[in-house]
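**Student:** Got a predicted structure plus its sequence, pasted below:
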There are 2 protein chains.
Amino acid sequence: MFDNISIIGCGLIGSSILRAIRSKNLAKEIRIFDHSKEVITYLKKENICTNVFNDIRQCTMNSDLIIIATPLSSYKEIILSIKDSLKKNAILTDTGSVKKEVMKIMHNINLKDIHWIPSHPIAGTEESGPKAGQAEMFKNRWCIISPPNNCAEQPINTLKTFWERIGSNVKIMTPEEHDKVLSLTSHLPHAIAYNIVRTVMSVEEKLKKEVIQYSAGGLRDFTRIAASDPLMWRDIFLDNSENISKGIDSFIEKLNELKKAINDKNGDKLYQIFNSTKEVRKEIIKAGQDTSQPDFGRKKD
Amino acid sequence: MFDNISIIGCGLIGSSILRAIRSKNLAKEIRIFDHSKEVITYLKKENICTNVFNDIRQCTMNSDLIIIATPLSSYKEIILSIKDSLKKNAILTDTGSVKKEVMKIMHNINLKDIHWIPSHPIAGTEESGPKAGQAEMFKNRWCIISPPNNCAEQPINTLKTFWERIGSNVKIMTPEEHDKVLSLTSHLPHAIAYNIVRTVMSVEEKLKKEVIQYSAGGLRDFTRIAASDPLMWRDIFLDNSENISKGIDSFIEKLNELKKAINDKNGDKLYQIFNSTKEVRKEIIKAGQDTSQPDFGRKKD
């Protein structure tokens, strides 16, 4: 599909894209760049990719598609390093979880003759690093792309086809819409997961051991979410601060309503609250976003 | 192990105990009682148990072990109905998620010649009803028992052996300790799960569809928890209101700390928050309370 693809950053997502491109045979040549020696050593050792570059410009200069799969805070430096040596009409994309801030950076950098089209594959696990990557990571998952207003049709279609070829369903959204929706479906839930784990673990030392021992009653499911890469999440929270902060305000408002029902021992109100969320789950299963298999009963390997 | 066991309430937990007793052959006779015609019809049709009683006293009067597996709010009525017709030295237990309030009720009823020893098997799925029950539900799961101070040794050991025979690891705790630990590991996490789903679903109608569509980014894991039986959870929140309310206060305190870091765009603080929770997950996996298999990537059946 492409002569040459470059991937910048080969962690969980970057290495999964790499594996998917190889397995679907979508490029004659794949070039990779990663700051981390450990990542490079792993990819070479496992023979996942040996076409490694130490110079980011060398890595990207001949590529038709450049995919940035690094934390959001590194984008500016990366783009400034490569922007003057990219091939004319190359497609530049990313995999980041926030779009609006990045669009501003790109607007200021003012790339010429390059098609910048941000992507966000909604996929991943709570693990990090190339060891956790898989070629099937994007299969049946959504990928949101947010082309700038002035973007040409053809590169949008090419990028769309690329994500579809590695298994995703592609949806086009504006950066504003993307950041709002993701703040609700992903960023706020992560904030809450981190917060519940921190709250519970701030109990006295004596109780901590018991809390861990009996965590199967609900807590463990939050610790899974709260084990994701902290650097990635820091950047997401910095870039989408306004939407997340608003979400936290609504959350606290609702939580105070629940607390009042608890303190008032208002059984009817509690039942109404606990009953109102069942329907949502059914809709999520209907939308193919989760299985209906019960999961609480899972046991140790 | 017993001549006769009665199970009052044959939903998810009660029917799982029933199946486990049958599969391990722990009673010569099992008698069941349930208010719901639907439940009875199902159990008979599937030949899980046909020894069904319409009169709760008839059901329990000859039993050596009586297990109450109904919502907490029904205990008082049940005990008052059966207390004068129970066999001398019978063991009476339950499966409820809160202990202190029930201990008060039992103390006031003042049972004579009956060994009341509350149990809490920490097991279940997000589903309800006998169809979702399984004989293996309690295998390798904790069961907490909270014998009253004046309880004899022998019935405690008998009940402990019963739970062990159906696969559980038994731990003895005071009602106060139980309610505190469970408020942290289970009740507060459930409060938060219900609350995040309610918060997110209170957005404008237009956004709702998108929120459901992209829920795989984190939200869907909360909807799973928030799909549990609302009546059961209402009763838990009424009975353990003090501990849960305190937990909500600590949670809001921590959440305001996170919100401040977001609004201040304090990257160091955010990193510190997101990094502090990774260790807990490792400890939970070490304690055998979850698998290390990544789970985010799960797909539609």
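**Tutor:** Now that the structure is in, tell me what you want to look at. Keep in mind it's a predicted model, so treat the numbers as computed, not measured.

**Student:** from here on, contacts and neighbour counts on C-alpha atoms
**Tutor:** Noted.

**Student:** residue boundaries of the strands in the stretch 1-150 of chain A?
**Tutor:** Per DSSP state E, counting those that start in this stretch, the stretch 1-150 of chain A carries strands over the ranges A:2-8, A:27-33, A:65-68, A:91-94, A:115-116, A:119-121, A:142-145.

**Student:** I'd like those strands written out as JSON lines, with distance to chain B added.
**Tutor:** Converted to JSON lines, the strands of the stretch 1-150 of chain A look like this (distance: least, Cα to the nearest Cα, whole Å):
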{"stretch": "strand A:2-8", "distance to chain B": "22"}
{"stretch": "strand A:27-33", "distance to chain B": "24"}
{"stretch": "strand A:65-68", "distance to chain B": "20"}
{"stretch": "strand A:91-94", "distance to chain B": "17"}
{"stretch": "strand A:115-116", "distance to chain B": "24"}
{"stretch": "strand A:119-121", "distance to chain B": "10"}
{"stretch": "strand A:142-145", "distance to chain B": "7"}
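
**Student:** Columns mean pLDDT and mean neighbour count on top of the ones you listed, output as CSV?
**Tutor:** Rendered in CSV, the data for the strands of the stretch 1-150 of chain A read as follows (pLDDT from 0 to 100; neighbours: other Cα atoms under 10 Å in any protein chain shown):
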stretch, mean pLDDT, mean neighbour count
strand A:2-8, 97, 21
strand A:27-33, 97, 20
strand A:65-68, 98, 25
strand A:91-94, 98, 23
strand A:115-116, 96, 23
strand A:119-121, 97, 23
strand A:142-145, 96, 24
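
**Student:** Between the ones you listed, which one is closest to residue A:103.
**Tutor:** strand A:115-116 (9.4 Å; Cα to Cα).

**Student:** who touches the closest one?
**Tutor:** A:89-93, A:147-148, A:151-152, A:155 (Cα atoms under 8 Å, 6 or more residues apart in numbering or on different chains).

**Student:** so residue A:258 makes contact with residue A:271?
**Tutor:** No. In this structure residue A:258 lies outside contact range of residue A:271 using Cα atoms under 8 Å: 10.7 Å.

**Student:** Now, of the contacts of strand A:115-116, which are buried?
**Tutor:** A:90-93, A:147-148, A:155 (16 or more other Cα atoms under 10 Å in any protein chain shown).

**Student:** Need the max-distance pair from the residues you listed.
**Tutor:** A:90 and A:148 (15.2 Å).

**Student:** which regions of chain A lie under the pLDDT threshold?
**Tutor:** A:291-301 (pLDDT under 70).

**Student:** now the helices: where do they sit in it?
**Tutor:** Remark: helices assigned in chain A by DSSP state H are A:12-24, A:37-45, A:56-60, A:75-82, A:100-109, A:153-165, A:175-182, A:188-201, A:205-213, A:219-225, A:230-239, A:241-263, A:267-275, A:278-286.

**Student:** how near is residue A:279 to residue A:286?
**Tutor:** 11 Å (Cα to Cα, to the nearest Å).

**Student:** for residue A:151, same thing?
**Tutor:** Counting by Cα to Cα - residue A:151 and residue A:286 are separated by 34 Å.

**Student:** Need the helices of chain A in CSV (columns: distance to chain B).
**Tutor:** Output for these, formatted as CSV (distance: least, Cα to the nearest Cα, whole Å):
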stretch, distance to chain B
helix A:12-24, 12
helix A:37-45, 20
helix A:56-60, 26
helix A:75-82, 16
helix A:100-109, 13
helix A:153-165, 16
helix A:175-182, 6
helix A:188-201, 5
helix A:205-213, 6
helix A:219-225, 5
helix A:230-239, 5
helix A:241-263, 6
helix A:267-275, 5
helix A:278-286, 5
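
**Student:** so which of those comes closest to residue B:214?
**Tutor:** That would be helix A:175-182 among the helices of chain A, by Cα to Cα, at 7.7 Å.

**Student:** Only C-alpha atoms, please: export that closest one in PDB.
**Tutor:** Presented in PDB, the C-alpha positions along helix A:175-182 are these (Å, rounded to 0.1, in the frame of the first residue of the first chain):
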ATOM      1  CA  PRO A 175     -10.800  17.800  17.200                       C
ATOM      2  CA  GLU A 176     -13.300  19.500  19.500                       C
ATOM      3  CA  GLU A 177     -15.900  16.700  19.300                       C
ATOM      4  CA  HIS A 178     -13.200  14.100  19.700                       C
ATOM      5  CA  ASP A 179     -11.800  15.600  22.900                       C
ATOM      6  CA  LYS A 180     -15.200  16.100  24.400                       C
ATOM      7  CA  VAL A 181     -16.300  12.500  23.700                       C
ATOM      8  CA  LEU A 182     -13.000  11.000  24.800                       C
END
